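1. Give me a model of this one.
(one chain, ligands or ions: 1)
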Amino acid sequence: MRLVLLGAPGSGKGTQAQRMQARHGVPQVSTGDLLREAVAAGTPLGRAAKAVMDAGQLVDDATMLGIIRERLARPDAARGYILDGFPRTIPQADGLEALLGEIGQPLDAVVLFDVDPVVLEKRLAGRRTCRRCGRVFHVESNPPRPGDRCVDGGPHDLFQRPDDNVETVRQRLGVYCERTQPLVDYYARKGLLRHIDADGSLEEVDARLEAAIRR
Ligand code: AMP
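-> Numbering: from 1, shown residues only. Got it, this is the predicted structure:
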């Protein structure tokens, strides 16, 4: 299974990629998570990426293609992956196609998560992430359940991402419209695009996603 989840920030790609990873046993590859790991580790990449991310802008295409090339070469990606947050620009999509062409492993499908922009802002404002395991929650619609434990057996350590404040969220939504939305036509022309209504309960969206990838 080689999938791209496409959609605006807050459309639920990350949450659904994590749920698919659990159901199908193929890794979620989130370029946002890879960058946040680099920031936390204080690597040169992380130091350069932090300001760009905090401003709600995109890290440059050559850097992102390097990151994805290295990530897809790891053994756990041999049976497939769910790309979450990549590609985000036409040059990234072209680069991905060339990379997958080299290894003879084309994408199976690209799923577009459709969500009303008003819902997006609400979702991002309530989003919380566990510092230790990376699981994504929402203060209202998806809080940790009583008894839900993190990898070390303790409670989740939730925090709000620095780029989930109102101003940066607006900036990110603008960047999505300008730089990423053109990928909808790009993948439609290649016959890979599937749409899902991504506004609904987690279970409803799970079901729509599973149906879309079987189509
Ligand atoms: P995300 O967790 O997917 O919302 O990504 C958080 C931030 O990381 C984005 O706002 C960008 O600054 C950066 N980022 C993640 N993926 C990419 C990408 N494919 N291209 C450029 N920047 C990215």
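2. The least confident helix or strand in the chain by mean pLDDT packs against which elements?
-> Using mean pLDDT, DSSP states H and E, the weakest-scoring helix or strand in the chain turns out to be helix 117-125, at a mean of 86. Counting contacts by 3 or more CB pairs under 8 Å, 6 or more residues apart in numbering; DSSP states H and E, helix 117-125 packs against helix 166-175. Yep, even glycine has a C-beta here, placed from its N, CA and C like the rest.
3. Output the helix or strand just after the helix it packs on as CSV, nothing but the C-alphas.
-> Under the assignment DSSP states H and E, the closest C-terminal helix or strand after helix 166-175 is helix 182-189. The C-alpha atoms that make up helix 182-189 are tabulated as CSV, following Å, rounded to 0.1, in the frame of the first residue of the first chain:
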residue,chain,number,x,y,z
PRO,A,182,-2.6,22.6,-7.4
LEU,A,183,-1.8,19.0,-6.5
VAL,A,184,-5.5,18.2,-6.6
ASP,A,185,-5.6,18.7,-10.4
TYR,A,186,-2.1,17.2,-10.8
TYR,A,187,-3.2,13.9,-9.3
ALA,A,188,-6.6,14.0,-10.9
ARG,A,189,-5.0,14.1,-14.3
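4. Can you give the contact residues for helix 182-189?
-> 4, 6, 87-90, 93, 110, 112, 193 (CB atoms under 8 Å, 6 or more residues apart in numbering).
5. Tell me the strands beside the following helix or strand past the least confident helix or strand of the chain, with direction?
-> Per DSSP H and E, the first helix or strand lying C-terminal to helix 117-125 is strand 127-130. Sheet pairing for strand 127-130, assigned by DSSP bridges, gives strand 136-138 (antiparallel), strand 158-159 (antiparallel).
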